[in-house]
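*Asks:* Sequence first, predicted coordinates after that:
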Amino acid sequence: MKKMKKSIVIISTAFLSLFILLWPASSQATASEIYVTTSQELFTALRNAQPGDEIVIAEGSYEGKLGSSASGDGSSFFFSDRSGTADEPIILRSENPDNKSVLSGSRISGQVLRITGDYWIIRDLKLTYAQKGIVLDNSNYSQIINCAVYHTGNEAIHLRDNSSYNLVDGCTVTDSGYQTAGYGEGIYIGSAKSSWATYGEKCDDNIIQNCIIGPHVTAEHVDIKEGTTGTIVRNCTMYGQGMSGQNYADSFIDVKGNEVLLENNTGYRNNNPAIADAFQIHSQLTGWGLDNEISGNTVYMDTASGYVIYAANNTDAATSGNTRIPSGSMYYGNVTDNSGNPGDPSDPDDPSNPDDPSDPDDPSDPSDPDDPSDPDDPGTDVPADTYSNTATYVAGDIVVYQGLTYRAKWWTLGVAPNPDDQWGAWELI
């Protein structure tokens, strides 16, 4: 297990270095900048894209259309099968990152955008109103950056059919699974073994980082399927409100692949009883669900029930440095803890033991006056900002609105506090 941990870190560092070297900054000259202002112009630009092209979408909303005479694909509202190169990727982006262009389907069917070529950069877009948001099929070395995907019938972002070495960075996913809640994953890597005859299973060495997933993602925030190797999920924030529990969707991340690294993520259960555990590992096929590492994550589980890691039969993981708030169940199954046993209440140095008086830096210790998770914290109050309709807020942010003070319960944007809305994103304090 220790060998595996070292190899994953080396691979991920090399992989990010490769991205930096291979993809030029947007300020650099490209072979051709193509400015589009209509859906038809976008169909044409995608169908005819060449290495080095930069397709710039004017501010506004664009409704796609299925079929050979429109998008060029019967299952996608916007589509391209063209490939860039390592030196000259194809870039698809909004004209204004602060006012993202919106690509949408015309009904909950198919995919908003499907790419089947290599070396794409898809950046600063909103994608909505189809069965799926963005799908990469047999696409390698591509990037999805700073995109917002929402209101999809099933999953929001899917890396499928032997798509490897891709990066999903800084994206926001909300409101997925409107058609079938049990298939409303936020980000989906690979395919279930029952679909391997149609879609290749080897979706390897993909990275998901710096993403906000939820609320109202009705299945797992990230689902990593059997047959995939080397997926990395890090520095992501996940909100559990709206997860359905249907089709066994009962954890932030479900791991069925091998050599997966989950690190430095934050999950909020949001008092959702459908979420059984923070991270689960399952074996859908002999030899899968192995050599995984889950470390440095922080999960807010609301109660003592529910494991941080649940490793089912014939799976394993190494772990260290996870924080559970409040203290409670930590690990189940074949989980090797390389930092001691943070789930052991008899350990006086256990950082998850709220009754440990010897640990002044225990973040879950209710006697710590600086504990930000303690609702009765007698320490210094956090200064409040005036609410802004254009600002993004995360759980714990405090604002003043119309003379009242509120705390954000989860990620929110554009929803003003309301003292009469007990189920909303804000709580009156």
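*Replies:* Yep, it's here.

*Asks:* C-alpha only now, for contacts and for neighbours.
*Replies:* Fine.

*Asks:* Skipping its backbone neighbours, what lies nearest residue 301 in space?
*Replies:* Spatial nearest neighbour of residue 301, excluding adjacent residues (C-alpha to C-alpha, 6 or more residues apart in numbering): residue 269 at 5.2 Å.

*Asks:* what about that neighbour, neighbour count?
*Replies:* Residues within reach of residue 269, counting by other C-alpha atoms under 10 Å, total 25.

*Asks:* check contacts around it.
*Replies:* Neighbouring residues of residue 269 by C-alpha atoms under 8 Å, 6 or more residues apart in numbering: 239-241, 275, 299-302.

*Asks:* what about 10 Å?
*Replies:* 238-243, 251-252, 275-278, 299-303, 410 (C-alpha atoms under 10 Å, 6 or more residues apart in numbering).

*Asks:* Return the subset of those lying in strands.
*Replies:* The strands, defined by DSSP state E, take in 238-239, 251-252, 277-278, 299-300 from the contacts of residue 269.

*Asks:* Format those residues as CSV; extra columns: pLDDT.
*Replies:* Shown next, in CSV, are these (pLDDT from 0 to 100):
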residue, pLDDT
238, 98
239, 98
251, 98
252, 98
277, 98
278, 98
299, 98
300, 98
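
*Asks:* and of those, the nearest to residue 311?
*Replies:* Minimum distance to residue 311 across the ones in strands among the contacts of residue 269 is 10.3 Å, recorded for residue 277 (C-alpha to C-alpha).

*Asks:* looking at it, that closest one is touching residue 248, isn't it?
*Replies:* No. In this structure residue 277 lies outside contact range of residue 248 using C-alpha atoms under 10 Å: 11.4 Å.

*Asks:* Give me the common contacts of those two.
*Replies:* residue 254.

*Asks:* out of these two, which sits in the busier spot?
*Replies:* Between residue 277 and residue 248, counting by other C-alpha under 10 Å, residue 277 is the more crowded of the two (24 against 15).

*Asks:* Give the bridge partners for the more buried one, please.
*Replies:* Assessed by DSSP bridges, residue 277 has beta-bridge partners residue 251.

*Asks:* In contact with it, which residues?
*Replies:* 250-254, 269, 299, 301, 305-310, 329-331.

*Asks:* ok, residue 86 touching residue 121?
*Replies:* No. Using C-alpha under 10 Å, residue 86 makes no contact with residue 121, being 11.3 Å away.

*Asks:* What segments of the chain are helices?
*Replies:* Using DSSP state H, the helices assigned to the chain run over residues 2-22, 39-47.

*Asks:* What residues sit buried inside the shortest one?
*Replies:* Along helix 39-47, the positions that meet the burial threshold by neighbour count (16 or more other C-alpha atoms under 10 Å) are 39-40, 42-47.

*Asks:* Can I get the residues you listed in CSV including distance to residue 421?
*Replies:* Formatted as CSV, those follow (distance: C-alpha to C-alpha, whole Å):
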residue, distance to residue 421
39, 39
40, 43
42, 41
43, 43
44, 46
45, 45
46, 44
47, 47
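
*Asks:* Out of the residues you listed, which is nearest to residue 71?
*Replies:* Closest approach between the buried residues of helix 39-47 and residue 71, by C-alpha to C-alpha: residue 43, at 5.2 Å.

*Asks:* pLDDT value on that closest one, please?
*Replies:* Looking at residue 43, its pLDDT stands at 97.

*Asks:* same deal with residue 359?
*Replies:* Looking at residue 359, its pLDDT is 34.

*Asks:* same deal with the one 5 residues further on?
*Replies:* Each residue has a pLDDT score; the one for residue 364 is 34.

*Asks:* Quick check: chain neighbours aside, which residue is closest to residue 75?
*Replies:* Nearest non-adjacent residue to residue 75, counting by C-alpha to C-alpha, 6+ apart: residue 110, 4.8 Å away.

*Asks:* need the contact list for the one you found.
*Replies:* So residue 110 contacts 66, 73-78, 129-133, 135, 152-154 (C-alpha under 10 Å, 6+ apart).

*Asks:* out of the contacts of residue 277, which are buried?
*Replies:* Among the contacts of residue 277, those that count as buried by neighbour count (16+ other C-alpha under 10 Å) are 250-254, 269, 299, 301, 306-310, 329-331.

*Asks:* Now flag whichever of these is closest to residue 187.
*Replies:* Checking the buried ones among the contacts of residue 277 against residue 187 with C-alpha to C-alpha, the nearest one is residue 253 at 9.6 Å.

*Asks:* how far away is the closest one from residue 223?
*Replies:* Per C-alpha to C-alpha, to the nearest Å, residue 253 is found 6 Å from residue 223.

*Asks:* What's the local residue count around residue 391?
*Replies:* Using other C-alpha under 10 Å, the number of residues around residue 391 comes to 10.

*Asks:* Any chance of JSON lines for the ones in strands among the contacts of residue 269, columns distance to residue 94?
*Replies:* As requested, the ones in strands among the contacts of residue 269 are exported to JSON lines (distance: C-alpha to C-alpha, whole Å):
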{"residue": "238", "distance to residue 94": "26"}
{"residue": "239", "distance to residue 94": "27"}
{"residue": "251", "distance to residue 94": "33"}
{"residue": "252", "distance to residue 94": "30"}
{"residue": "277", "distance to residue 94": "38"}
{"residue": "278", "distance to residue 94": "35"}
{"residue": "299", "distance to residue 94": "34"}
{"residue": "300", "distance to residue 94": "35"}
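
*Asks:* Name the residues linked to residue 386 by a beta bridge.
*Replies:* Here residue 386, judged by DSSP bridges, has bridge partners residue 400.
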